[in-house]
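K.L.:
Just need the structure, nothing else, for what follows:
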Amino acid sequence: MKLTPSRDCSLCENYQDLLNKTLFFKDVSQQIMEKKPLGNLLKEIMDGSKTLLNAEASSLLLYDTPSKKLFFTVAEGEKGTLLKSNAVELGQGFAGWVALHKEALKIDDCYADARFNPDFDKKTGFRTKNMLCTPMIRKGELIGVIQVINKIGADVFSQDDVSFFNSLAAQCAIAIENARLVEIELESEQLNAELNTAKKIQQKTLPSSLPEIPMADVHFSLTPAKSLGGDYYNVVRINETSSLFMIADVSGKSVSASLIVASVYSFLHTYLIINKNAFDLVDFVTSLNKFLLSSTTPDKFVTAWFGLLDEEQRTLQSISAGHDPTYFYEEGKTVLRTMESGGLLLGMMDFPYQTELIHLKPNDTFVVYTDGITEAMNEKQEEYGTERFQGIIQQHLGKASKSIIEAVVDDILMYRGAESQSDDITMGVIRIL
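P.N.:
Residues are numbered from 1 along each chain as shown. Purely as a prediction, here's the structure:
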């Protein structure tokens, strides 16, 4: 059997051109796998296509689904940057026709084609002679359109150029889709990093440890449902004989709620610096309400409870600003008493606040909380409720404040089962010694 000698492709007239195109496709495939900004990717692709197709200029239009328009995103060439913000309707000009029909166009004489719009040439002095224009399609969906303009060294683009450009468009569609996913991922990573920073800042608004109060066993706990929560508590030693307790719940969640929490924290410490030697609970709450009225939007408000302990007088002055009732377990009494005197929630309207004064005895116990406890849901979407909450407290009365809170939190976890936490869980117990 006589063998026919194989053809030496290196002797082909267009061998170098084919080799360059093959290498370019290899580069594009590598770019698809790389993480880089979309703009950088588009510029690299267009620079390469313009060079390999020997064109004077190139441009890329991305399809915007909501507006159903094409937008020039990258435009290369001496005058190309002027095109970056222009929009093209489907069916308008060469690019619009290609986008509408999802077919490639090879135009040998642009001015002889009725679809050509010469306005750009008139504005810039650029002369558009011939063009290749092809759609970028991914899974049947239009991604955009790419164009190369004015073949260098020849009168028109060849059929080989058309075949190559169609293949390039398919690669571009994949690259753009991947790059968009990368941008979403990067934005998500950046947002998570910013949220983590905000979380750390918010955590600093909470006391790292509670002050020692000789006549009371005090413990608070906050378990956020998200990175940023809307619950807040604080215990501040105002002077040697008085302490301020507070718990608050901001409407909404996440960033907006955390900003209001930070505002409450800042106001508290500013007020204490100015009024530490003459602290008045009613004035403090009234002033905080006015501050929130002037610094937040009408849809944002804060519910809160404030307690001022006077160790010399052995009294607790209480104000509830639209907050869940504070439970008062009075020593020697079997009936639960709720403390709700005060006024409207903070940040809604200017309002006078009233106080409730309790004369304290040893073993008097106060329980404050936010609605994340009573409204905790199980897998059947049933609320934990006040009855079960009060029952757990009753079972552990007389124990240390920390033990009471741990018992409640453990019971909520058991009740909730596999259901995720939907709201911040904050609770404080003040047991008089």
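
K.L.:
Alpha carbons of the host helix or strand of D47, as PDB, please.
P.N.:
Using DSSP states H and E, D47 maps to helix 38-52. What follows is helix 38-52, C-alpha atoms only, in PDB (Å, rounded to 0.1, in the frame of the first residue of the first chain):
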ATOM      1  CA  LEU A  38     -15.800  42.900  33.700                       C
ATOM      2  CA  GLY A  39     -14.500  46.100  32.100                       C
ATOM      3  CA  ASN A  40     -10.900  44.700  32.000                       C
ATOM      4  CA  LEU A  41     -12.100  41.500  30.400                       C
ATOM      5  CA  LEU A  42     -14.000  43.300  27.700                       C
ATOM      6  CA  LYS A  43     -11.100  45.600  26.900                       C
ATOM      7  CA  GLU A  44      -8.700  42.700  26.600                       C
ATOM      8  CA  ILE A  45     -11.100  40.800  24.300                       C
ATOM      9  CA  MET A  46     -11.700  43.800  22.000                       C
ATOM     10  CA  ASP A  47      -8.000  44.700  21.800                       C
ATOM     11  CA  GLY A  48      -7.200  41.200  20.800                       C
ATOM     12  CA  SER A  49     -10.100  40.900  18.200                       C
ATOM     13  CA  LYS A  50      -9.200  44.200  16.600                       C
ATOM     14  CA  THR A  51      -5.500  43.100  16.200                       C
ATOM     15  CA  LEU A  52      -6.200  39.700  14.900                       C
END
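
K.L.:
Give the buried residues for it.
P.N.:
By neighbour count with 16 or more other CB atoms under 10 Å, helix 38-52 contains the buried residues L38, L41, L42, E44, I45, M46, G48, S49, K50, L52. Every C-beta, even on glycine, is put in place using the N, C-alpha and C of the backbone.

K.L.:
Next one: the second one relative to T355, how far apart?
P.N.:
L41 sits at a distance of 65 Å from T355 (criterion: CB to CB, to the nearest Å).

K.L.:
Same check on the fifth one?
P.N.:
Relative to T355, I45 is positioned 71 Å away (CB to CB).

K.L.:
before we move on, what about the first one?
P.N.:
For L38, the distance to T355 equals 60 Å [CB to CB].

K.L.:
give me every residue that touches E330.
P.N.:
Contacts for E330 (CB atoms under 8 Å, 6 or more residues apart in numbering) come out as R337, K361, D364.

K.L.:
please redo it, this time with the cut-off set to 6 Å
P.N.:
D364 (CB atoms under 6 Å, 6 or more residues apart in numbering).

K.L.:
Tell me the confidence at it?
P.N.:
Listed pLDDT for E330 reads 91.

K.L.:
Perfect, I'm done here.
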